[in-house]
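>>> Build me a structure from this.
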Amino acid sequence: MKRLLTTTAALIAFAGFGSAGAADLPVKAPPMAPMMAPAYSWTGFYIGASLGGEWETIDGSFVFPPPATWSVGNSRGLWDAHAGAQYQWNMAVLGIEGNFVGLFNNGGGSDTCHPAASCAPGATMQANLVDNIWTVGGRLGAALNAWMPYLAGGYASTRVDNNFITAGGANTSQSTHNGWYLGVGVDWQAMVTPSGALVVGVEYRHYDFESATVVPTIVGTGAPNPFNTWTLKPQADTVELRLSWLFK
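This is a model prediction of the structure:
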């Protein structure tokens with residue numbers, strides 16, 4: 001009986017020591033939650049600006065004989081202001097965007113008549129797009145996390161200055177040309193915040209404008225000269241580096 005009481009007391013003492021010792025042991029901290037990657041959503045409204053280059057070609061021809069044609073090429077810098085809205089369904093991103101493309105200078109190229117015998121000796125043609133291009137169109141993109149390659153296309157409008165200069169004087173015209181554009185680009189969300197994202201992108205566009213037949217005026221008098229009526233058709237290509245803010 002004495003041995004049983006001794007053994008029971010020892011077990012009780014050991015159990016009490018174990019509980020106290022366990023309470024004194026340091027508690028292991030819970031594992032830290034992994035840092036979440038930014039949520040790359042392409043849905044929202046955006047505004048932005050661009051810088052880039054523009055290359056244009058203006059083809060012309062006289063309506064009345066003697067037949068003559070010309071093609072004036074020109075290149076210059078551009079700036080752009082754009083605004084748009086888009087919505088993401090799974091990986092597909094559908095949007096609409098408007099652009100004002102400003103051209104840095106009005107300096108145009110020049111050409112001679114082809115064949116040269118159709119015009120007076122020394123006659124030249126000077127032409128350029130005037131100031132700007134307006135556009136509105138759609139965008140279709142593929143959301144690849146922070147990246148979005150896309151296609152773009154829609155309506156475009158511009159104006160053309162054309163001058164026919166000879167030793168005896170000059171004729172001039174300014175015409176409006178509507179048309180379309182197609183483009184391809186890629187955007188990248190360079191910085192993501194709870195309110196939006198900074199988007200950097202690059203885009204190429206080709207513009208094709210309709211032909212317009214114009215009666216020029218005589219420089220100095222402003223009188224129309226229907227004998228020199230001409231038809232003009234402009235085209236252009238642009239490459240832009242874009243910077244936008246996407247509001248989410």
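>>> Tell me which other helices or strands the lengthiest strand in the chain touches.
Longest strand in the chain, counting residues (DSSP state E): strand 169-193. Using 3 or more CB pairs under 8 Å, 6 or more residues apart in numbering; DSSP states H and E, the elements in contact with strand 169-193 are strand 124-142, strand 147-166, strand 196-209, strand 212-214, strand 217-218, strand 230-247. Where C-beta positions appear, they are placed from N, C-alpha and C, glycine not excepted.
>>> and V93, which of these is closest to it?
strand 124-142 (3.9 Å; CB to CB).
>>> can you give me the angle that closest one makes with strand 147-166?
If you take axes from the mean of the first three to the mean of the last three CA atoms, to 10 degrees, strand 124-142 sits at 170 degrees to strand 147-166.
>>> ok, strand 124-142: who's next to it in the sheet?
strand 92-103 (antiparallel), strand 109-111 (antiparallel), strand 147-166 (antiparallel) (DSSP bridges).
>>> Output the ones you listed as TSV; include the columns mean neighbour count and distance to G141.
Shown next, in TSV, are those (neighbours: other CB atoms under 10 Å; distance: least, CB to CB, whole Å):
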stretch	mean neighbour count	distance to G141
strand 92-103	18	4
strand 109-111	16	35
strand 147-166	19	3
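>>> Can I get those strands in JSON lines including mean pLDDT and distance to T43?
Listed next are these as JSON lines, based on pLDDT from 0 to 100; distance: least, CB to CB, whole Å:
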{"stretch": "strand 92-103", "mean pLDDT": "97", "distance to T43": "8"}
{"stretch": "strand 109-111", "mean pLDDT": "93", "distance to T43": "43"}
{"stretch": "strand 147-166", "mean pLDDT": "97", "distance to T43": "11"}
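>>> how about the helices and strands packed on strand 169-193 in CSV, adding distance to V63?
As requested, the helices and strands packed on strand 169-193 are arranged in CSV below (distance: least, CB to CB, whole Å):
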stretch, distance to V63
strand 124-142, 15
strand 147-166, 13
strand 196-209, 18
strand 212-214, 6
strand 217-218, 16
strand 230-247, 6
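>>> So for W42, which of the ones you listed sits nearest?
Among those, if distance is taken as CB to CB, the winner is strand 147-166, at 5.8 Å.
>>> Now find how far off-centre that closest one is within its chain.
Distance of strand 147-166 from the chain centroid (CA atoms, centre = their mean, to the nearest Å) equals 13 Å.
>>> circling back to that earlier point, may I see the strands paired with strand 124-142 organised as CSV, with distance to G44 added?
Converted to CSV, the strands paired with strand 124-142 look like this (distance: least, CB to CB, whole Å):
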stretch, distance to G44
strand 92-103, 10
strand 109-111, 41
strand 147-166, 12
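>>> Nearest approach to V72 belongs to which of these?
strand 109-111 (4.5 Å).
>>> can you list contacts of that closest one?
70-74, 124-128 (CB atoms under 8 Å, 6 or more residues apart in numbering).
>>> So which of those is surrounded by the most neighbours?
A127 (27 neighbours; other CB atoms under 10 Å).
>>> So that residue is in contact with N162, correct?
Yes - assessed by CB atoms under 8 Å, A127 is found in contact with N162 at 4.5 Å.
>>> Report the set of residues contacting both of those two.
Common neighbours of A127 and N162 (CB under 8 Å, 6+ apart) are 58, 60, 232.
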